[in-house]
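Engineer: Any chance you could fold what I've pasted below:
(2 chains)
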2 protein chains.
Amino acid sequence: MASSVQARQAQSSLSGFPEWLPAGRIVEQSFLDALRATFELHGFSSIETRAVEPLSELARKGETSKEVYLLNRLQADPDGPEEADPAKRLGLHFDLTVPFARYVLDNAGALTFPFKRYQIQKVWRGERPQDGRFREFIQADIDIVGDGALPLHNDVEVPLIMHEALAALPIPPVTIHVSNRKVAQGFYQSIGVGDDELIEVLRIVDKLDKIGRDAVAAELTEAVGLSADQAERALDLATITGTSPRAIDAAVRTALGEAVPSETLLEGLAELASLLDAANLRRPGAIIADLKIARGLDYYTGTVYESFMAGHEDLGSVCSGGRYDSLASNGKRTFPGVGISIGVSRLLARVIGAGLIEVTRAVPTAVLVAVTDEAHRADSDAVADRLRQRGIPADAAPNAAKFGKQIRFADKRGIPFVWFPGAPGEGDSVKDIRTGDQVPADAATWQCPEDDLAPRLVARGGQA
Amino acid sequence: MASSVQARQAQSSLSGFPEWLPAGRIVEQSFLDALRATFELHGFSSIETRAVEPLSELARKGETSKEVYLLNRLQADPDGPEEADPAKRLGLHFDLTVPFARYVLDNAGALTFPFKRYQIQKVWRGERPQDGRFREFIQADIDIVGDGALPLHNDVEVPLIMHEALAALPIPPVTIHVSNRKVAQGFYQSIGVGDDELIEVLRIVDKLDKIGRDAVAAELTEAVGLSADQAERALDLATITGTSPRAIDAAVRTALGEAVPSETLLEGLAELASLLDAANLRRPGAIIADLKIARGLDYYTGTVYESFMAGHEDLGSVCSGGRYDSLASNGKRTFPGVGISIGVSRLLARVIGAGLIEVTRAVPTAVLVAVTDEAHRADSDAVADRLRQRGIPADAAPNAAKFGKQIRFADKRGIPFVWFPGAPGEGDSVKDIRTGDQVPADAATWQCPEDDLAPRLVARGGQA
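Structural biologist: Here you go, the predicted structure:
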């Protein structure tokens, strides 16, 4: 008999909108439950925001607005407020940061700061159908937001919590890579590269792993006009990685050569060192400094995070985030924030697709109560109800087929136990269909083995 | 000090898209957790379907398609497959039945039948903004679907499970009212009202509670052309209610007068009797026959359900459903189903709005670990981490303010305990800020009272 059930995606007639068969959904729920449990252990409050925002909110991030799904009421009134004013048109949110920032402003008077929230919801991106990307997927975000100020120690809280949450999942180990926008910006200032070139330089350096050192150097000199020496130093910076603040500091100073470190660089290095010190103490190995991180430096203002799963680096960053000096602002008050976000659906699709996880069964049912004949269904219902009252998921058989067929019904779903109500004057018995053992049992006292109470995830293939 | 926190809706700039402040979200999560727990105890598998369906699917129900939100990609290609073919345009689902039927057909080869699924998701309806109705809300559905056939005992399973789920919530008692389309249709056949008039007759009889017996009788004779005697009999049928199959049967025969009961009527009465017998045995008082139920009789084919919350009958039915002889069909195979659906958001908005439920605190945190000064934050982090490892939600104070201020920080959020790390050589202590009691404590052994581990719902106002 099968000891576990493969988790699979469901058939879906629309590309980019993934759905799971019940076994896959058990994996997804289990992941979401584990994330929630860790976030709540750390005092994060759950919020959910509506799925839609006015286009004016969604368009703030500029470029991303390309991928927005706009809504139209099928029977819209052309003179309605939403149809008449394009800024009031509604679109589906494409991340959870934009709606969270709006929620903070809407409710600033009712929330208490610093406000720690987690949010696990679907987001939508209007990708071209032929691109094969997800157009609907689940994100899980944690953020800490302050009113006016937010101390630096929050920058280490957030990735440590996410690391703890990911470490609780049956997946290969994830390492969180950190850098700091001030280190990059300050370093380039120090070697004479202006802030205007910064984003373009970072974009090119980001290709280091893909195209190699020489090609990056060539592009930096040809496309941006850096000197050969500046390009060398940029590449030296990008290869710095490690967990020791002192070693990082020394390596950055070496990369600088004769250049004098700018104030911004020193500030960035101090922030990075403080983060590494706390991380090394609390979760050694969870966090590593990696100064080639470039993504997000155009909108984050300090610490930035990317994360990679061992053996699955090709997947790219599994969770990312950083600090905003102004996550939200209403002119009078400014709310700095630091947060990190997992793309849950993409992670799930990978670990399930790679066969790393199976489930012990595809249904919640632990016990199938056999039905002797339809006239005695009430006896089976009574057994099932008594088991449920004691927290044991149970189900009466759908029809009074031969017992062999009822056992096969259970087997097909991975239900471990079949219960046989006794004939009048006789006691009941329960059979573990995996071993064939059948023993007398009473629904008021029978103990379901703890491991069999709910479907469990089974890690496959070594690492997980 | 406050012993509980009021759950409130968040400020939202868009009407019809409700959001909760953190305390309200705790109530919502608690409701959803309780529903899920009951559904899983009964062996229902969770599924989630994508939020969108092609308009051709959504439009099947005809009338309802009026309220659909259609999607447009902001940067759509006018020649793309979705833009060129109107039937392929995507819309947000407005219920969970249409997507479930599609999912069953898409995955018929991979699912095992009878398939019991629960589904808790948001749905959207493109209501006019000025109508004050929810345009985004959570539904929780359970359905059992068979392949070709689905025995009648499933018609009692479904409402009993939903009743058990609702009874586990801190809300006034809910009673599920049942009728059967065959009883109504068969009765009207028996007294000479044709199937063509049936829907219109039922629509008028449905107004009985609102406009009274005389006005309904007048409308039945004038608008549909029933005789005065037929109208009287229709009204007699509509007033039949009770839990005894024998009494129901007798009352229907009295209402028939001299008319001979049709085959359909007899079949309907037998189905209703079988349902009541099982319900009376398993959950006395949960289910009552109520032959005035008319809503849904135009698409359900047998049993129908509506449900009312004691003292809140004005809210209308809190959960509804029924049996479809063909929930889904692909021409070759037909899948009958029976299901019931709660409008969770509407129920929540009512019980929270009426002040029936509060929460013991607005954050998951059970213990706030005070920070003596920023140089010793690591000591507080270590205490918090040790408590979390033992399953106690904990959080280090956001800054090293005076202890009085840190205690007020905890109080404001309803956090029951503040932990004080001891000076070097001294032990720690923990203070219950509700009573003021402070005792020596060790983070490796301190027991958090079970009731304080997580926020709890507090029912207010008698009934709940």
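
Engineer: Alongside chain B, which residues does the stretch 201-350 of chain A contribute?
Structural biologist: Neighbours of chain B within the stretch 201-350 of chain A, by Cβ under 8 Å from any Cβ of the partner chain: A:278, A:281-282. Heads up, the C-betas are built off the backbone N, CA and C, glycines and all.

Engineer: Separate out the buried members of these.
Structural biologist: A:278, A:282 (16 or more other Cβ atoms under 10 Å in any protein chain shown).

Engineer: can the residues of the stretch 201-350 of chain A next to chain B go into JSON lines with extra columns for pLDDT?
Structural biologist: Shown next, in JSON lines, are these (pLDDT from 0 to 100):
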{"residue": "A:Ala278", "pLDDT": "96"}
{"residue": "A:Leu281", "pLDDT": "94"}
{"residue": "A:Arg282", "pLDDT": "94"}
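
Engineer: Just checking, which helix or strand of chain A averages the lowest pLDDT?
Structural biologist: In chain A, no helix or strand scores lower on mean pLDDT, DSSP states H and E than helix A:81-84, which sits at a mean of 59.

Engineer: Which parts of the stretch 201-350 of chain A are strands?
Structural biologist: Ranges of strands in the stretch 201-350 of chain A, per DSSP state E, counting those that start in this stretch, are A:241-242, A:287-290, A:303-309, A:319-329, A:334-343.

Engineer: among the residues of the stretch 201-350 of chain A next to chain B, which are in helices?
Structural biologist: A:278, A:281-282 (DSSP state H).

Engineer: Looking at those residues, spot the one nearest B:Val104.
Structural biologist: Of all these, B:Val104 sits closest to A:Arg282, with 48.3 Å by Cβ to Cβ.

Engineer: contacting residues around the closest one?
Structural biologist: A:156, A:160, B:378, B:381-382, B:385 (Cβ atoms under 8 Å, 6 or more residues apart in numbering or on different chains).

Engineer: Among those residues, which pair sits farthest apart?
Structural biologist: A:Val156 and B:Ala382 (13.7 Å).

Engineer: quick one, helices of the stretch 151-300 of chain A?
Structural biologist: Here the stretch 151-300 of chain A has its helices, by DSSP state H, counting those that start in this stretch, at A:154-167, A:181-190, A:195-205, A:208-211, A:213-223, A:228-238, A:245-256, A:263-282.

Engineer: Mean neighbour count for the strands of the stretch 201-350 of chain A - can I get that in CSV?
Structural biologist: Converted to CSV, these look like this (neighbours: other Cβ atoms under 10 Å in any protein chain shown):
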stretch, mean neighbour count
strand A:241-242, 15
strand A:287-290, 22
strand A:303-309, 24
strand A:319-329, 21
strand A:334-343, 24
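
Engineer: could those strands go into a markdown table alongside mean pLDDT?
Structural biologist: A markdown table is the format used below for the strands of the stretch 201-350 of chain A (pLDDT from 0 to 100):
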| stretch | mean pLDDT |
| --- | --- |
| strand A:241-242 | 98 |
| strand A:287-290 | 98 |
| strand A:303-309 | 97 |
| strand A:319-329 | 94 |
| strand A:334-343 | 97 |
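
Engineer: Would you format those strands as JSON lines with distance to B:Val351 included?
Structural biologist: As requested, those are arranged in JSON lines below (distance: least, Cβ to Cβ, whole Å):
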{"stretch": "strand A:241-242", "distance to B:Val351": "54"}
{"stretch": "strand A:287-290", "distance to B:Val351": "44"}
{"stretch": "strand A:303-309", "distance to B:Val351": "40"}
{"stretch": "strand A:319-329", "distance to B:Val351": "31"}
{"stretch": "strand A:334-343", "distance to B:Val351": "32"}
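
Engineer: what's the spacing between A:Gly331 and chain B?
Structural biologist: Distance, A:Gly331 to chain B, by Cβ to the nearest Cβ, to the nearest Å: 16 Å.

Engineer: same check, this time on A:Glu67
Structural biologist: 7 Å.
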